[in-house]
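Colleague: just coords:
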């Protein structure tokens, strides 16, 4: 089982910055990818950014040019640097990791508990 613990959320004014971290522990046979998702009140959870086992990085259009994802292998930590924050970035942010299991036959998905980001205008 993999455990994911997010931190770094908070309240910031529009235009400000925050850095989210997600520390991963537990056994993951092979990582498929690691991602950030967010969910605003009354809305569906949406993809924000991800990095796969080939270090290919993707961003959702609303955050391109403002957010930067990175992964520190030595610290097992996924980070999301969020700059030029907007009120519409307000949401609970979740870390998600997918791991191959059973020699690559099955892919398991793990979620963190989330960290709240609030951007005021």
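Modeller: Cool, got the structure. Please read all numbers here as calculations on a predicted model, not as lab measurements. Numbering: from 1, shown residues only.
Colleague: Shouldn't residue 16 be within a strand?
Modeller: No - using DSSP: H, G, I helix; E, B strand; the rest coil, the assignment for residue 16 is coil, not a strand.
Colleague: my read: it touches residue 86, true?
Modeller: No - using CB atoms under 8 Å as the test, residue 16 is too far from residue 86 to be in contact (10.0 Å). (C-beta placed from N, C-alpha, C; glycine too.)
Colleague: Touching stretch 109-121 from outside, list them.
Modeller: 1-14, 16, 18, 20, 22, 38-39, 82, 85-99 (CB atoms under 8 Å, 6 or more residues apart in numbering).
Colleague: try 7 Å
Modeller: Stretch 109-121 is contacted by residues 2, 4-9, 11-14, 18, 20, 22, 85-87, 89-98 when judged by CB atoms under 7 Å, 6 or more residues apart in numbering.
Colleague: got the buried residues for the helix or strand residue 118 falls within?
Modeller: For residue 118, the host element (DSSP states H and E) is strand 115-120. Using 16 or more other CB atoms under 10 Å as the test for burial, strand 115-120 gives 115, 117, 119.
Colleague: tell me the contacts of the most centrally placed residue in the chain?
Modeller: Centroid check for the chain by CA atoms, centre = their mean gives residue 36 as the closest residue, at 2.2 Å. Going by CB under 7 Å, 6+ apart, residue 36 touches 48, 49, 69, 80, 93, 95.
Colleague: mind running it again at 10 Å?
Modeller: 6, 20, 22, 47-51, 59-60, 63, 67, 69, 78-80, 82, 93-96, 112 (CB atoms under 10 Å, 6 or more residues apart in numbering).
Colleague: Doesn't it lie inside a strand?
Modeller: Yes - judged by three-state DSSP, residue 36 forms part of a strand.
Colleague: Is residue 23 within a helix or a strand, and which one?
Modeller: strand 18-26.
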